[in-house]
Structure formats: C-alpha cells, structure tokens
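Engineer: Using only what follows, build the 3D model:
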Amino acid sequence: MQLLTFRTSDGGTLPGRVVDPETAERTLTDALDSGDVASAVFSIHPITVAGVRDVGDLLRHDDWRELASARPGEPVEITGSDIAPVIPRPGKILCTGLNYADHITEMGHELPDVPTLFAKFPDALTGPFDRVIVPTANAGALDFEGELAVIIGRHVPLGEAPDTATAETAIAGYAVFDDFTMRDLQYRTAQWLQGKNLASASGFGPWLTTGDEFNPSGATLVTRVNGVEKQHANIRELVFDPAALVQFITTFIDLHPGDVIATGTSGGVGWARSPRQMLTDGDTVTVEISGLGGISNRIEIR
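Structural biologist: This next block holds a predicted model:
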C-alpha cells in the first residue's frame, strides 16, 4: 500500500492511497526520465477521516491500515505538483550521519560503534517535486544526500524495542529523502544542525510504501544531478539498518507515529569529490530507490 499527502484546492492537505501502485510507479519513472514530474497524473483514493489532514495524522490512529484501505468514494486525479511531503509535520526527524562504509571513508572518519544522530526540523521539509529556493547568502556549498527514510507507525516507549523483531513492528513504511546540506554552515562548528536545516529544502516522498510491500535490504539507491549519476548504493550496505536505528533511538527517547528516521547517505556526495561538486542555480537533484519511487527537486538561488 502506498500512502501520500496531497494539497487540496482550498490550501489544505489530505491523505490519499495510490489506486494502482504499479501504474503509479511507471508513471513516475517516465516522468522522472522526461524531467516533468510536476504535471504527471496519479490516481488516488482520498482518505477522509475527521481531524485527519495528512499521513502523519492518519498514523496516529491505531487502525490506520483499515482506514487507509477503505474506499469511501471514487478515485481522483492529482498531479505531481499537488504532492506534499508525505509527513508534512513529523514530531521528530532523526537523521543518521556516517551510516554507509564508503561515505564514512570518503569523509575521513572511522566506522562508528553506535549511530551518529542529528535533528532536522519539519520546516526543512519540502514536497518531492517542489522547487528548492535558496537565498544567495546560503548558496556557498550546497550538497545532495540521497537517503532512505523510515516512518514510524506506532508508539514505542523508551526501552521497548529491545530486539530486531520488535523494532521492525514499529515501522509503518519507507520513503525517499534528500538530506539537503549547506556544507559551509555544517562545518562552521562541531555541531551540524545549522547546515542541515535550510527551510523547505529537503525533498521527502513521494509516498509511504508500507513495510509489507518493501524490503530495504534488497533495494538500490541512486542519486543524480541533472541526469548524471552521483550516488549508487545498496541499502543492505547500511552500517545500522532501520531496525537497529529504532532499537538505538528507543534506548533514550520514545518514538511516536509519524516520526521519521533518515538512515544516512552513501558515498559520492559533492563535498567529498575532487574537485568538489557543489549544487548551483538550476541544478535538479533526483533520488530514486527501487520499490519506493523517486523525488526530484530543482535548485533556484535568489
């Protein structure tokens, strides 16, 4: 099952379920190849539940699967430009740094014993096909970081994911993520926060694919800039896989429905290349994960 959040004509949002995932994935692949995802058409069933405005709200219902599976009416057609971040306002976005061995090596670090985590705020998110507007003052060292995102589907109290099987039951599904980074700001201090939170810059979506229909260990992640491949990785190469991240995080904090864990980026980022290859005005970053679809965001510097 694929769930998304879409923008409505009155300026709000609603959750929806993709009518035919195979057709949607073909449509998305063709649109990504052509460079015109914004006008691609997708058929969805709107999910209309009192007080539920997006997929994050939906996941807070214990029976979210049943609510999402119901068919209250005829499907509607939306375009790529209508698709919002799949979870527009997560309670927490926990990002993982240094989680692929090749990226750890290229950035000059040792393999970690525990995950390296930092926070990204909801204000940093943008839709999977939205433009990313960057102020000129922030455009000195812009970088791409294609990642797998994990979306939590139930409350996990502190200490209550002691094993892999329990941790896996906490995962509602997966999506595609770009941990968009301002490298000069990131390395201005020992803390990465300021470099990771440019407003409306991290593409997230296009939909949540439920865990019963996606196996992370068999998936491939590819990031392209203007159609040129920059990152290529197998998700199984993660040092800490999704379940391990859930286990670690819940040793010090609760996880709640709609929380997001970004699992880290692979080798090939622009900062680590020689010479460095930073994003510039007009560049388009596309991140695809087999079985999840892809996102594509164009950079505009103003």
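
Engineer: Spatially central residue in the protein, please.
Structural biologist: The centroid of the chain falls nearest to Phe177 when counting by CA atoms, centre = their mean (2.6 Å).

Engineer: My read is that that one contacts Val287, right?
Structural biologist: Yes: with contact defined as CB atoms under 8 Å, Phe177 reaches Val287; the gap is 7.4 Å. All C-beta atoms are positioned from the backbone trio N, CA, C, and that covers glycine.

Engineer: Domains in the chain, by residue range?
Structural biologist: As recorded under automatic domain parsing, the domains making up the chain are 2-82, 93-301.

Engineer: And the pLDDT for Pro72?
Structural biologist: In this model, Pro72 is scored at 69, pLDDT.

Engineer: can you check Trp64 too?
Structural biologist: For Trp64, pLDDT reads 98.

Engineer: For it, list the residues it contacts.
Structural biologist: Contacts of Trp64 were listed using CB atoms under 8 Å, 6 or more residues apart in numbering, and they are Leu58, Gly153, Ala172, Pro257.

Engineer: For stretch 87-101, give the mean pLDDT please.
Structural biologist: Averaged over stretch 87-101, pLDDT sits at 95.

Engineer: other SSEs contacting the host helix or strand of His45?
Structural biologist: Taking DSSP states H and E as the criterion, His45 maps to strand 41-46. If you count contacts as 3 or more CB pairs under 8 Å, 6 or more residues apart in numbering; DSSP states H and E, strand 41-46 packs onto strand 2-7, strand 13-18, helix 21-34, strand 76-79.

Engineer: Any idea which of those gets closest to Glu168?
Structural biologist: Ranking the helices and strands packed on strand 41-46 by proximity to Glu168 (CB to CB) places strand 2-7 first, at 18.6 Å.

Engineer: could I get the closest one in CSV with only the CA atoms?
Structural biologist: What follows is strand 2-7, C-alpha atoms only, in CSV (Å, rounded to 0.1, in the frame of the first residue of the first chain):
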residue,chain,number,x,y,z
GLN,A,2,1.2,3.5,-0.9
LEU,A,3,0.0,6.5,1.1
LEU,A,4,0.7,10.1,0.3
THR,A,5,-0.3,13.6,1.4
PHE,A,6,-1.7,15.8,-1.3
ARG,A,7,-2.6,19.5,-1.5
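
Engineer: Give me the helices and strands touching it, please.
Structural biologist: By 3+ CB pairs under 8 Å, 6+ apart, strand 2-7 packs against strand 13-18, strand 41-46, helix 55-59, strand 202-210.

Engineer: Let's see that with 6 Å instead.
Structural biologist: Counting by 3 or more CB pairs under 6 Å, 6 or more residues apart in numbering; DSSP states H and E, the packing neighbours recorded for strand 2-7 are strand 13-18, strand 202-210.

Engineer: thinking again about what came up before, now tabulate the helices and strands packed on strand 41-46 in TSV and tack on mean pLDDT and mean neighbour count.
Structural biologist: Formatted as TSV, the helices and strands packed on strand 41-46 follow (pLDDT from 0 to 100; neighbours: other CB atoms under 10 Å):
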stretch	mean pLDDT	mean neighbour count
strand 2-7	98	25
strand 13-18	97	24
helix 21-34	96	16
strand 76-79	97	15
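
Engineer: re earlier: what would the helices and strands packed on strand 2-7 look like in CSV with distance to Ala141?
Structural biologist: Listed next are those as CSV, based on distance: least, CB to CB, whole Å:
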stretch, distance to Ala141
strand 13-18, 33
strand 202-210, 16
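
Engineer: Could you measure from the closest residue to Ala70 other than its chain neighbours over to Asp82?
Structural biologist: Of all residues not flanking Ala70 in the chain, Ile47 sits nearest, at 7.7 Å (CB to CB, 6 or more residues apart in numbering). Separation of Ile47 from Asp82 (CB to CB, to the nearest Å) stands at 15 Å.

Engineer: which of the domains of the chain sits most buried?
Structural biologist: Of all those, domain 93-301 carries the top mean neighbour count, a mean of 20, counting by mean count of other CB atoms under 10 Å.

Engineer: For that one, measure first residue to last.
Structural biologist: 25 Å (CA to CA, to the nearest Å).

Engineer: any idea how far Thr189 is from the nearest residue to Gly51 once chain neighbours are set aside?
Structural biologist: Ranked by CB to CB, 6+ apart and with sequence neighbours excluded, the top spatial neighbour of Gly51 is Asp57, at 6.7 Å. Look at Asp57 and Thr189: by CB to CB, they are 36 Å apart.

Engineer: same deal with Leu111?
Structural biologist: 24 Å.
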